[in-house]
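S.K.: Fold the following.
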Amino acid sequence: MFRKALTLTAIVLVFGACELQAAVIDSNWVGGESGEWGNASNWSPAIVPDNGGGNTFFVTINSNYAGVDEVEVGLRQSWDVNTLDCYGVVRLESWRWYLPDVTVENGLTNHGSLALEVNIRGNVTNTAGAELEMGEHLNIYGNLYNNLGAIISIWRDDIDIEGDMVQNAGLIFVSEGGNIGEELQFNNTGEIRLFRGGCHGVIFDNNSVGIIEGSGRISSNQLTRNKGAIYASGGPLMLYSDGSIINTGTLVSRAGASLNVVLNWMSPIEANIPDVNNQGTIEINSSGVVTFNSDLRNEPNAVINLRGGTLEAPTITQSADANFAGFGSITGDILIESSAKIELTGPTNIVGDVNIPANATLEVSDGTTLITGQTTCNNGTIHMIGGRVICQGGLTNNNCHIIWEPGIYTNVADFNLDGTVNFKDFADFANTWLWQADWYTP
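M.R.: Purely as a prediction, here's the structure:
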């Protein structure tokens, strides 16, 4: 009986010791405005949070709980905890020449204003209303979730996300050469603002409600897909992919800005560069530029709005039932497919050849269109409505159907620009051309 009691007591002691060694500890920062993670007196209870000792730590750093305006937690080595939640104003930074790691097995969650300057091994979630600033070229070895109403800001530094996904439903600022992303899926359902900044993923997907605006670079290894809106503003914005680019949303070059759509820049063979198929809207505003290093195909029901800017591509193909209208400058060869139409409504320069096959139409109204390359019209139509086409590079007329008629606002026969066409216009015409012709002698 005595031996059984001793055995039972030993078992209880063993299990009690195991419970002490494997305790679940809620750790709260009490170290004031500034202190080292590795100092036990900075925590309540007074144990340094680190799963390496067998315990499991659920860590909270809250400047409000600590009774200060801001908490600065310095790390001299790497630590391992179960969860990390930050509230109030918190800064996690390295106190060494390298960046230590904080392994957070169930993820770091920011509920306040967090400045992060250490590596995180685990997922990072920025909750609604929270602000996360990342710097010092840190790595996140996990996924990054920026929730609706949350803000992430990156300035100058390259932030590598080494997990499977960046999911942005909030707002991301990237500026002054900063970059965020890596070999992952980058999904944007929120807003990204760039000021000479960049975002990268193996696949970059701007969702139908996603908005990207600014200058810098959006890039991908395999696919850049825009279903939302991308605005180039304040400088050049590059949309790049080593694979393909698909636009079913809106691409806009604001006034004075350039949007450069680039495919397979490093390809040594031009034939390896696929076409860009526009299935959405491309808008180029005054003095703005949209350029493609590949051929551009404007697909059925897609739209190109030229509003005083410049569109450039090696070849631009206009499909039937696609919309291409406006005025400005076009650099590249133009092919208008059968049953397709391009409508130029104002002064426009085309630097390239124009091909108008059977049942295709080039319509020009309210201005002069200058074509510097060869114009070839095989049973197609050139329709001038109060406008004029100048085929500076020559016209190959193979049964071309050429139509001229006055427009609502202009009439090319109104030589004196008084708003009416009468014998005064004929007199001005005769005075400036007919009577002064070399072959005429009064």
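S.K.: Can you give me the neighbour number for the nearest residue to residue 135 once chain neighbours are set aside?
M.R.: Leaving aside its chain neighbours, residue 135 sits nearest to residue 157 (4.7 Å; criterion: CB to CB, 6 or more residues apart in numbering). Glycine gets a C-beta too; all of them are placed from N, C-alpha and C. Using other CB atoms under 10 Å, the number of residues around residue 157 comes to 18.
S.K.: show me what contacts residue 157?
M.R.: Residues near residue 157 by CB atoms under 8 Å, 6 or more residues apart in numbering: 134, 135, 136, 137, 138, 178, 179.
S.K.: hmm, which two among the residues you listed are most spread apart?
M.R.: Farthest-apart pair in these is 136 and 179; separation 13.6 Å (CB to CB).
S.K.: Neighbour count: the two, which is higher?
M.R.: Using other CB under 10 Å, the more surrounded residue of residue 136 and residue 179 is residue 179, with 21 against 15.
S.K.: which secondary structure element contains the nearest residue to the more buried one once chain neighbours are set aside?
M.R.: Distances taken as CB to CB, 6+ apart place residue 198 nearest to residue 179, at 4.2 Å, with adjacent residues excluded. Assignment of secondary structure by DSSP states H and E places residue 198 within strand 191-206.
S.K.: Which strands border whichever helix or strand comes after that strand, and is each parallel or antiparallel?
M.R.: Note on strand 191-206: by DSSP H and E, the next helix or strand toward the C-terminus is strand 211-226. Counting by DSSP bridges, the strands paired with strand 211-226 are strand 191-206 (parallel), strand 229-241 (parallel), strand 244-247 (parallel).
S.K.: How many neighbouring residues does residue 59 have?
M.R.: 23.
S.K.: Kindly report the same for the one 5 residues further on.
M.R.: A total of 12 residues lie near residue 64 under the criterion other CB under 10 Å.
S.K.: Please apply the same query to the one 5 residues further on.
M.R.: Applying other CB under 10 Å, we find 10 other residues in the vicinity of residue 69.
S.K.: Distance check, it against residue 63.
M.R.: As judged by CB to CB, to the nearest Å, residue 69 and residue 63 stand 7 Å apart.
S.K.: tell me, what's touching the two both at once?
M.R.: With CB under 8 Å, 6+ apart as the test, residue 69 and residue 63 both reach residue 89.
S.K.: Is residue 235 in contact with residue 197, as I believe?
M.R.: No. Using CB atoms under 8 Å, residue 235 is not in contact with residue 197; the gap is 10.9 Å.
S.K.: higher neighbour count, these two?
M.R.: When residue 235 and residue 197 are compared for neighbours, residue 197 comes out ahead with 24 against 14, by other CB under 10 Å.
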